[in-house]
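# for reference, the sequence and a predicted model appear below.
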Amino acid sequence: MDRIRITGGGPLNGTIPISGAKNATLPLMIASLLTEETLILDNVPHLADVVQLQRILNNHGVDVMLSGKRAHTAENAGQTVKISAANIVDTTAPYELVSKMRASFWVLAPLLARKGEARVSLPGGCAIGTRPVDLLLMAMEKLGVNIEIEAGYVVARAPKGLQGGEINFSKVTVGGTHVALMAAALANGTTVIDNAAREPEVTDVADCLVKMGAKISGIGTSRLVIDGVAKLNGARHRVLPDRIEAGTYAFAVAMTGGDVLLEGARPDLLQSALDVLVEAGVKVTSSNEGIRIQRNGAGIAPVRVTTEPFPGFPTDLQAQLMALMTRAKGTSQITETIFENRFMHVQELARLGARISLDGQMATIEGVDKLKGAPVMATDLRASVSLVIAALAAEGDTYVNRVYHLDRGFERLEEKLGRCGAQIERLSS
Ligand code: UD1
């Protein structure tokens, strides 16, 4: 298994291009199942999760064509993916595939919409909490779907087709909103989704569905109204920039000090995280080119932050913020409200010398003067990148094991950081 070695201490200076958003790409690829025509996605990031979803779609008979690199394309350009679900040959999503990536459970909705049935494996356990699918199933039932659980599989049937209905989520759920939107787009009649997730990736999928001929109003708000149509058509859509990747590098620069332009990053997608950086004493400047992050000399001020659904501070940046606060001048508090058990990075940050105590969903971080390199282990995607951030400021060498977590969600991480002066190297074994 590959490892990453980081020798900390130096600042980051230069430009980091921001890739297309993983969390928009996955549901957009799944949305291709809603039409017989071709969906073309631009700015798709090169990530292990994208390849994995391609396998899952192939299993349903979907043709996924990734563009090869042409001579004149910039090396950091995202890829163009052409997806054609003209013939869905299989409505089963097997355990072996779904258990590797939770988001693949979302194929349930388009399979039901196109074929009137789906058999999708329950996703199973996950490192960051129980992450149930009850709300996703509730949404499908509201649209006239009959659901049974058989041998670890959700067996869903809509023999008379999907019917519009009223869906009121008791909790904001990104995945629930994605499946409700996709199913409602092809349902018979009108669907209202209340307490819908407002995450930019949900908006991106809704925008793409509209290009495909869906009738959706209230996009970007917590009340979506969808007038179902009989058919959707092909379309071409550019994936929005990855706000979590941008936020991650912003925290990295805040940690090491330096001056980096996050090229293509959109401040409106991560205002809450930028506000926290400013509060911590970091200089943040936005322009047409992206977001510039600067910290020179000044220390890091402690902050109090609670994770919340968008537009609040994202849970997907919680671990990265905690890494930064390990070096703050004082005591910080971070409360996680989205996922229970999303503190797996705490033990590993402690191995680098961080002082963090946990009380239920609240972490108290006492800033220390120095972190020291050590071998650490990543447990999930965002936790592993928080270890990278801490390592960049630690004295000596840190070895981050289980790098496959990083490859799931961060495109060319070593190269992007390396070009800004980080001493970072992948060691293959
Ligand atoms: C998505 C993101 C993930 C992000 C999360 C929250 C993708 C591929 N993943 O995950 O990176 O951390 O949103 O912003 O886009 N819940 C239920 N029942 C359900 C569904 C969810 O109780 O049926 C709970 C979850 O356990 C969690 C909360 O709702 O506590 C939010 O989860 P949700 O927004 O659904 O997360 P995902 O869509 O899985």
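The structure has been received and is ready for your questions. Numbers count the residues shown, from 1 in each chain.

# and this protein, which residues reach the ligand?
23, 26, 102-103, 129, 131-136, 171, 173-176, 201, 315-316, 338-339 (C-beta under 6 Å from any ligand atom). To be clear about C-beta, it is placed using only N, CA and C from the backbone, and glycine gets the same treatment.

# and M140, how many neighbours?
For M140, the count of nearby residues is 26 (other C-beta atoms under 10 Å).

# could you number the chain from 29 rather than 1 from now on?
Sounds good: first residue 29 from here, last item M168.

# now do it against L209, distance only.
Distance check for M168 against L209: by C-beta to C-beta, to the nearest Å, it reads 12 Å.

# what of N87?
Plainly put, N87 is 23 Å away from L209 if you go by C-beta to C-beta.

# dump the residue contacts of K243.
I254, D255, G256, V257 (C-beta atoms under 8 Å, 6 or more residues apart in numbering).

# ok, the second one - contacts?
Right, D255. D255 touches G192, G217, T218, K243, counting by C-beta under 8 Å, 6+ apart.

# now do 6 Å
Taking C-beta atoms under 6 Å, 6 or more residues apart in numbering as the criterion, D255 is in contact with T218, K243.

# next one: L69
L56, V109, H265.

# format these as TSV; extra columns: distance to Y123 and neighbour count.
Output for the contacts of L69, formatted as TSV (distance: C-beta to C-beta, whole Å; neighbours: other C-beta atoms under 10 Å):
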residue	distance to Y123	neighbour count
L56	24	26
V109	26	22
H265	31	21
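
# just the ones of those residues in helices?
Using DSSP state H, the members of those that fall in helices are L56.

# and of the contacts of L69, the nearest to the ligand?
Nearest to the ligand among these is L56, at 11.0 Å by C-beta to the nearest ligand atom.

# give the next helix or strand downstream of the helix or strand of the chain with the lowest mean pLDDT.
When each helix and strand of the chain is scored by mean pLDDT, DSSP states H and E, helix 432-437 comes last, with a mean of 88. Sequence order places helix 441-446 as the next helix or strand after helix 432-437, per DSSP states H and E.

# in that following helix, what counts as buried?
Using 16 or more other C-beta atoms under 10 Å as the test for burial, helix 441-446 gives L441, E442, K444, L445.

# quick one: mean pLDDT over stretch 45-52.
For stretch 45-52, mean pLDDT is 97.

# using PDB, write down the CA coordinates of that stretch.
Only the C-alpha atoms of stretch 45-52 are listed here, as PDB (Å, rounded to 0.1, in the frame of the first residue of the first chain):
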ATOM      1  CA  PRO A  45      -5.700  24.800  -9.500                       C
ATOM      2  CA  ILE A  46      -9.000  23.600  -8.100                       C
ATOM      3  CA  SER A  47     -10.600  20.600  -9.700                       C
ATOM      4  CA  GLY A  48     -14.300  19.800 -10.400                       C
ATOM      5  CA  ALA A  49     -16.300  18.800  -7.300                       C
ATOM      6  CA  LYS A  50     -16.300  15.100  -6.400                       C
ATOM      7  CA  ASN A  51     -19.600  15.400  -4.600                       C
ATOM      8  CA  ALA A  52     -21.300  16.900  -7.700                       C
END
